[in-house]
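> After the sequence you'll find the predicted model.
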Protein chains: 2
Amino acid sequence: MSQQRHGSTPGEPGAVPAFPDLPEATVARLPEYLRALHNLGEAGADTVSSEGLAAAAGVNSAKLRKDLSHLGSYGTRGVGYDVALLIEQIEFVLGLDQRRAVGLVGIGNLGHALAGYDGFVSRGFKIVALFDADPDKVGERIHGLTVRHIDELGKVASEENVAIGVIATPAGAAQAVADELVAAGVTSILNFAPCVLSVPPGVDVRKVDLAIELQILSFHEHRKASLTALPGGRSATGAGNQEAVGS
Amino acid sequence: MSQQRHGSTPGEPGAVPAFPDLPEATVARLPEYLRALHNLGEAGADTVSSEGLAAAAGVNSAKLRKDLSHLGSYGTRGVGYDVALLIEQIEFVLGLDQRRAVGLVGIGNLGHALAGYDGFVSRGFKIVALFDADPDKVGERIHGLTVRHIDELGKVASEENVAIGVIATPAGAAQAVADELVAAGVTSILNFAPCVLSVPPGVDVRKVDLAIELQILSFHEHRKASLTALPGGRSATGAGNQEAVGS
């Protein structure tokens, strides 16, 4: 993607003030739109209506139009959005035109799953280093990378320009790992350990807690059961709820 | 937890209308509060201020008070919230007083990680069945369960009263698995496959897409870099952002 093309026309990314204050929920939906657009593009579509894109991304079309208006992207009446242009605009805002280096700490089952996850590479990320504290794991080869000892984290994170640190350790180890990552200059952390990390200002943390997702589903199960149980209550076949994590 | 204790006093769960229309973002934060409360309880605290609980859960205290007010829980001025009572109230609303059976489909690295995840059992869930389409995986024993062939999914999901289905298959297989789960009467699905599932009304889907989390962090990396690059712009050490997935 060429930077040259930006900023030439109103409505293209360059015309958007350098970091519009996007709502966090909008940021969380942009990757969904991007994935849907890639699928549409691969299927041969040049343009897409807001309704068509909204359906493909699993959101309502009013929300989609509002989200895209934050990027200065309004589509063309009667035509819709240009698929290739909108892909560029979203990739630009998300910073996906630069491939970001990821360091992964904690090589248990989850770490193995993350290290082998094809979705990272295809969507702008490259895992460049793996770390574990267990001497039995150090030296193991996974997808072309050798697991290093956690003591090397600071040195390697600097050498490899790690932009994003992923923590897949037990909860008890996560804060110390976060401190090491921050000390090495990493300012974005994806945390799979079930704990709240304390980080200095300027460091972004996103937390994925798998049990929390199940608890949220449990709420909906409980709600549906109580609706069914109510005398004359609504049945459990009310509107379904498809909620993307992070939105 | 005894149902007897509910409904006796205003402000206890029984006094809350049977399924208050909780905002989805509030539902997503309740498990965070619950975890923080368990930690506080284990550390010996009987009561906690809204500020203390907010800090432990990584949210701001105004948001926390508003969330808890939806449950009819306001705390006591000068004392704060009763830790044990608030745990009961949240567990009641989330339906965690009933242990829910989970069926897991797709036993790759991620499936292995999920099957062995201690956090599920300790937080009210029990994986009761594992499924895969690969004959080489069928019969494998993992944490006391035997992997079954996907063809048995419908039968086993009914027999074992599976309440929540977890899909950890490749994207191409996910929709067919979701259809099978729905046909077996499962109305809550946690989807790790990178695709939007089509489900009938009354079925709740939560999606976890690990690459999307990285793309959201990429946005923040990009934003921070652009702030640093602006002439006279703010440095990259602005307020940090700790966002729990699902909030």
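Looks like it arrived, so ask away.
> in chain A, which spans are helices?
Using DSSP state H, the helices of chain A run over A:24-42, A:50-57, A:61-69, A:83-94, A:109-115, A:118-122, A:153-159, A:171-183, A:210-229.
> In the second one, which residues are buried?
Buried positions in helix A:50-57, judged by neighbour count with 16 or more other C-beta atoms under 10 Å in any protein chain shown: A:50, A:52-57. (Each C-beta comes from the backbone N, C-alpha and C, glycine too.)
> from what I can see A:Gly103 touches A:Val186, true?
Yes - using C-beta atoms under 8 Å, A:Gly103 is in contact with A:Val186, at 7.2 Å.
> Name the residues contacting each of those two.
A:157, A:162, A:164-165 (C-beta atoms under 8 Å, 6 or more residues apart in numbering or on different chains).
> got a winner among those for most neighbours?
Tallying neighbours with other C-beta atoms under 10 Å in any protein chain shown puts A:Gly165 at the head of the shared contacts of A:Gly103 and A:Val186, with 28 neighbours.
> any idea how far chain B is from that residue?
As judged by C-beta to the nearest C-beta, to the nearest Å, A:Gly165 and chain B stand 10 Å apart.
> repeat for A:Gly41
A:Gly41 is 16 Å from chain B, by C-beta to the nearest C-beta.
> still on that earlier bit, format the buried residues of helix A:50-57 as a markdown table; extra columns: pLDDT and distance to B:Gln98.
A markdown table is the format used below for the buried residues of helix A:50-57 (pLDDT from 0 to 100; distance: C-beta to C-beta, whole Å):
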| residue | pLDDT | distance to B:Gln98 |
| --- | --- | --- |
| A:Ser50 | 92 | 41 |
| A:Gly52 | 92 | 41 |
| A:Leu53 | 94 | 39 |
| A:Ala54 | 92 | 36 |
| A:Ala55 | 89 | 35 |
| A:Ala56 | 87 | 36 |
| A:Ala57 | 87 | 34 |
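> Any chance of TSV for those residues, columns distance to A:Leu34?
Below are these laid out as TSV (distance: C-beta to C-beta, whole Å):
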residue	distance to A:Leu34
A:Ser50	15
A:Gly52	15
A:Leu53	11
A:Ala54	14
A:Ala55	16
A:Ala56	11
A:Ala57	9
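> ok, the shared contacts of A:Gly103 and A:Val186 vs B:Val199, which is closest?
Within the shared contacts of A:Gly103 and A:Val186, the smallest distance to B:Val199 is 31.9 Å, found for A:Ile164 (C-beta to C-beta).
> what's the pLDDT at the closest one?
Note for A:Ile164: predicted pLDDT of 92.
> Isn't it up against A:Arg100?
Yes - using C-beta under 8 Å, A:Ile164 makes contact with A:Arg100 at a distance of 5.8 Å.
> May I ask you to name the longest strand in chain A?
strand A:125-132 (DSSP state E).
> Quickly run through the sheet partners of that one, with directions.
strand A:100-105 (parallel), strand A:145-149 (parallel) (DSSP bridges).
> just these: most buried one?
Comparing those by mean neighbour count (mean count of other C-beta atoms under 10 Å in any protein chain shown), strand A:100-105 ranks first with a mean of 24.
> Just want the angle from that one to helix A:171-183.
Here strand A:100-105 runs at an angle of 140 degrees relative to helix A:171-183 (axes from the mean of the first three to the mean of the last three C-alpha atoms, to 10 degrees).
> Give me the contact list for strand A:100-105.
Against strand A:100-105 from outside (C-beta under 8 Å, 6+ apart): A:111, A:114-115, A:120, A:124-132, A:150, A:153, A:156-157, A:160-169, A:177, A:181, A:186, B:214, B:218, B:221.
> Might you report the residue contacts of A:Ala174?
A:Ala174 touches A:167, A:191, A:193, A:195, A:197, counting by C-beta under 8 Å, 6+ apart.
> Who are the contact partners of the first one?
What that stands for is A:Ile167. Counted by C-beta under 8 Å, 6+ apart, A:Ile167 has contacts A:105-106, A:174, A:177-178, A:181, A:189-193, A:197.
> What is the nearest of those to A:Gly75?
A:Leu190 (32.3 Å).
> which residues pair with A:Phe125 across the strands?
Here A:Phe125, judged by DSSP bridges, has bridge partners A:Arg100.
> wait, doesn't it sit right on B:Ala211?
Yes - the pair A:Phe125 / B:Ala211 is scored as a contact, 7.1 Å apart, by C-beta under 8 Å.
> Compare the two and say which is more crowded by neighbours.
Using other C-beta under 10 Å as the criterion, A:Phe125 and B:Ala211 rank with A:Phe125 on top: 24 against 20.
> closest to B:Leu145 among the contacts of A:Ile167?
Using C-beta to C-beta, those come closest to B:Leu145 at A:Phe192, 22.6 Å.
> Can you pull the domain assignment for chain A?
A:3-94, A:100-210 (automatic domain parsing).
> Make JSON lines out of the ones you listed and add distance to B:Lys207.
Below are the domains of chain A laid out as JSON lines (distance: least, C-beta to C-beta, whole Å):
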{"stretch": "domain A:3-94", "distance to B:Lys207": "8"}
{"stretch": "domain A:100-210", "distance to B:Lys207": "12"}
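> which one of those has the lowest average pLDDT?
Among these, domain A:3-94 scores lowest, with a mean of 80.
> of the contacts of A:Ala174, buried ones?
Using 16+ other C-beta under 10 Å, the buried members of the contacts of A:Ala174 are A:167, A:191, A:193, A:195, A:197.
> Looking at those residues, which one is closest to chain B?
Nearest to chain B among the buried ones among the contacts of A:Ala174 is A:Leu197, at 7.2 Å by C-beta to the nearest C-beta.
> Spit out the contact partners of that closest one.
A:167, A:174-175, A:178, A:189, A:191, A:205, A:207, B:242.
> now swap in A:Leu217 and tell me
B:164, B:188-190, B:204, B:206.
> what subset of the residues you listed is also close to chain A?
B:164, B:188-190, B:204, B:206 (C-beta under 8 Å from any C-beta of the partner chain).
> can you put the residues you listed in JSON lines and add distance to B:Asp82?
Formatted as JSON lines, these follow (distance: C-beta to C-beta, whole Å):
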{"residue": "B:Ile164", "distance to B:Asp82": "30"}
{"residue": "B:Ser188", "distance to B:Asp82": "30"}
{"residue": "B:Ile189", "distance to B:Asp82": "35"}
{"residue": "B:Leu190", "distance to B:Asp82": "32"}
{"residue": "B:Asp204", "distance to B:Asp82": "31"}
{"residue": "B:Arg206", "distance to B:Asp82": "30"}
